[in-house]
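S.K.: Here is my input, please return the structure:
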Amino acid sequence: MRVLLSTLGSRGDVQPLVALASRLTALGHQVRLCAPPDFARWVASFRIPFVPVGPPWRRSAAPRSRAAVPKPSPAQVRKLAESSIGIQFEVLSAAARDCDVLVASTGLQIAARTVAEKRGIPYVFAALCPAALPSPHHPPLPLPVLGEVPAPASADNSDLWAANLRHVNDTFAAPLNALRSAVGLGTVDDVSDHIHTDRPWLATDPTLAPWPDVADPAVYQPGAWLLPDKRALPAELTAFLDAGGPCVYVGFGSVAAPPGLLETAVRAVRAVGCRLVVSRGWAPLSPVDRSPDCLVVGEVNQQDLFREVAVVVHHGGAGTTTTAARAGTPQVVVPQVYDQHYFARRVSALGIGTAHPGSVPTVESLTEALGAALRPEVAARAREFAGVVRTDAAQVAAERLVVAPGA
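M.R.: Sure thing, here's the model as predicted:
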């Protein structure tokens, strides 16, 4: 079987597909991965053929003031939609030329199903967060590219979804249907239903991020697609961890960190009597001082590192949240965009960490959050929860895809 996997987004969107691709390859199938060009070298390290699509995603992670990012006008949004759909169709059509099935994750891939239909192959949509799929049990995820912000907790979810689906249709229906007409396909009445299909997959851990309607047979949830990491931790990092005294990890992956985060984190971590391991990430994060109680690291094995620290402070991406949960380490989630607010709420609800109130911490607020996460009962709950996180989901999903593509 020849499989095209496609996504638009950050490392957290790409890595689950690399995990799935690795399992498919191990089963003897051919895989091609389509993603933003930032990830070409990294994906190639797994010997997975790579096709770049769209502009570099890293631009969205550049440090900047949120006030300096104006909400796009309706005309700008329409132009962006037309351009994005056209580029997606052109790139994915070429990438899918000899494939037997197309798997897309993230709802920004408006043209993916049209490519599959034109090629006459099955199409699978795999969400990486339950809130990416419509349900009265949760609000829709805000799209920063469209200038959207999280809805207040008091809002009615059904009303929010109705408004979201209208917005999606108003933004994408015209350019999508123009494309479909040009390639001889019928029009789409509901863009969201078209993208998600009536049998979507949900690649999240069923205990950490469950589909809220357990009686709904339409959503297939195998678990989170985790990529095993066998790399040893760098000697400098191991020596730092062994030097004595608990450590707190701070990292925001491939999203923009709030201004002044590191200065705030250094003071807050010291206030709770811990040392600090900083993941540079795309921000890039780096303390202003070089004190012996702080160490800056680059790309390392988070699966091993998280088991060695007392608390993981992060942005709330699906992958980082799941990795920390699997490590059995308490978390402090400081959500910034998109699904991160959902995962912050789940960490808090499960008692395996703390959801920071707001996206820009102060020394006082982060100190309080760290203190809460360091409580013995939270650490005990996090250790207990680690035992229920599934680790076989990528293998299970790969086997299902091979046996029943599109089901």
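S.K.: Tell me who's in contact with Ser279.
M.R.: Ser279 makes contacts with Tyr249, Val250, Gly251, Phe252, Gly253, Leu285, Val297, Gly298, Val300, as judged by CB atoms under 8 Å, 6 or more residues apart in numbering. (Glycine included, C-beta is placed from N, CA and C.)
S.K.: Looking at those, which is nearest Pro335?
M.R.: Phe252 (10.5 Å; CB to CB).
S.K.: returning to that earlier point: buried ones among the contacts of Ser279?
M.R.: Using 16 or more other CB atoms under 10 Å as the burial test, these include Tyr249, Val250, Gly251, Phe252, Gly253, Leu285, Val297, Val300 as buried.
S.K.: Check pLDDT for the residues you listed and point me to the minimum.
M.R.: Across these, the bottom pLDDT score, 65, is held by Leu285.
S.K.: which element is Tyr342 on?
M.R.: helix 340-350 (DSSP states H and E).
S.K.: Show me what counts as buried in that helix.
M.R.: Here helix 340-350 shows Gln340, His341, Tyr342, Phe343, Ala344, Arg345, Arg346, Val347, Ser348, Leu350 as buried, counting by 16+ other CB under 10 Å.
S.K.: Output the contacting helices and strands for that helix.
M.R.: helix 318-327, strand 331-333, strand 353-355 (3 or more CB pairs under 8 Å, 6 or more residues apart in numbering; DSSP states H and E).
S.K.: any chance of these in JSON lines, plus distance to His167?
M.R.: Below are these laid out as JSON lines (distance: least, CB to CB, whole Å):
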{"stretch": "helix 318-327", "distance to His167": "23"}
{"stretch": "strand 331-333", "distance to His167": "27"}
{"stretch": "strand 353-355", "distance to His167": "26"}
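S.K.: from those, which stretch is densest packed?
M.R.: For these, the largest average neighbour count (mean count of other CB atoms under 10 Å) is found in strand 331-333, namely a mean of 29.
S.K.: Need the contact partners of that one.
M.R.: In contact with strand 331-333 (CB under 8 Å, 6+ apart) are residues 311-316, 321, 324-325, 340, 343-344, 347-348, 352-356, 366, 369-370, 373, 382.
S.K.: hmm, 6 Å instead?
M.R.: With contacts defined as CB atoms under 6 Å, 6 or more residues apart in numbering, strand 331-333 is touched by 311-313, 316, 324, 344, 347, 353-356, 369, 373.
S.K.: between those, which is closest to Ala393?
M.R.: Using CB to CB, those come closest to Ala393 at Ala324, 16.8 Å.
S.K.: Could you measure from that closest one over to Arg390?
M.R.: 15 Å (CB to CB, to the nearest Å).
S.K.: from the buried ones among the contacts of Ser279, which is closest to Thr114?
M.R.: Looking across the buried ones among the contacts of Ser279 and measuring by CB to CB, the closest to Thr114 is Gly253, at 31.0 Å.
S.K.: and that closest one, what does it touch?
M.R.: Gly281, Gly317, Thr320.
S.K.: Surely the last one is in contact with Val312?
M.R.: No - in this structure, Thr320 sits apart from Val312 without contact. The criterion is CB atoms under 6 Å, and the distance is 7.5 Å.
S.K.: For the strand or helix carrying Ser158, buried residues please.
M.R.: Following DSSP H and E, one finds Ser158 within helix 157-182. Neighbour-count burial for helix 157-182, counted by 16+ other CB under 10 Å, picks out 157, 160-161, 164-165, 167-169, 171-173, 175-177, 179-180.
S.K.: Over to stretch 209-229?
M.R.: So, applying 16+ other CB under 10 Å, buried residues of stretch 209-229: Ala209, Trp211, Val219, Tyr220, Gln221, Pro222, Gly223, Ala224, Trp225, Leu226, Leu227.
S.K.: For the chain, which segments count as strands?
M.R.: Under the criterion DSSP state E, the chain contains strands at 2-7, 30-35, 50-52, 101-105, 123-127, 201-202, 247-251, 275-279, 294-297, 311-314, 331-333, 353-355.
S.K.: Just the pLDDT at Pro150, thanks.
M.R.: Value listed for Pro150 in the pLDDT field: 71.
S.K.: scratch that, Pro292
M.R.: 88.
S.K.: got the contact list for it?
M.R.: Contacts of Pro292 by CB under 6 Å, 6+ apart: none found.
S.K.: at 10 Å instead, please
M.R.: Phe240, Ala243, Arg275 (CB atoms under 10 Å, 6 or more residues apart in numbering).
S.K.: Over to Ile195?
M.R.: Residues in contact with Ile195, defined by CB under 10 Å, 6+ apart, are 104, 106-113, 123, 125, 132, 168, 172, 176, 188.
S.K.: How about Pro49?
M.R.: Leu4, Ala21, Gln30, Val31, Arg32, Leu33, Cys34, Val43, Ala95.
S.K.: Contact partners for the closest residue to Val312 other than its chain neighbours?
M.R.: Nearest residue to Val312 in three dimensions, chain neighbours excluded: Ala324, at 4.3 Å (CB to CB, 6 or more residues apart in numbering). The neighbours of Ala324, taking CB under 10 Å, 6+ apart as the test, are 249, 302-303, 306-307, 309, 311-314, 330-333, 347, 352-353, 382, 386.
S.K.: Which member of the buried ones among the contacts of Ser279 is positioned nearest Leu262?
M.R.: Using CB to CB, the buried ones among the contacts of Ser279 come closest to Leu262 at Leu285, 5.4 Å.
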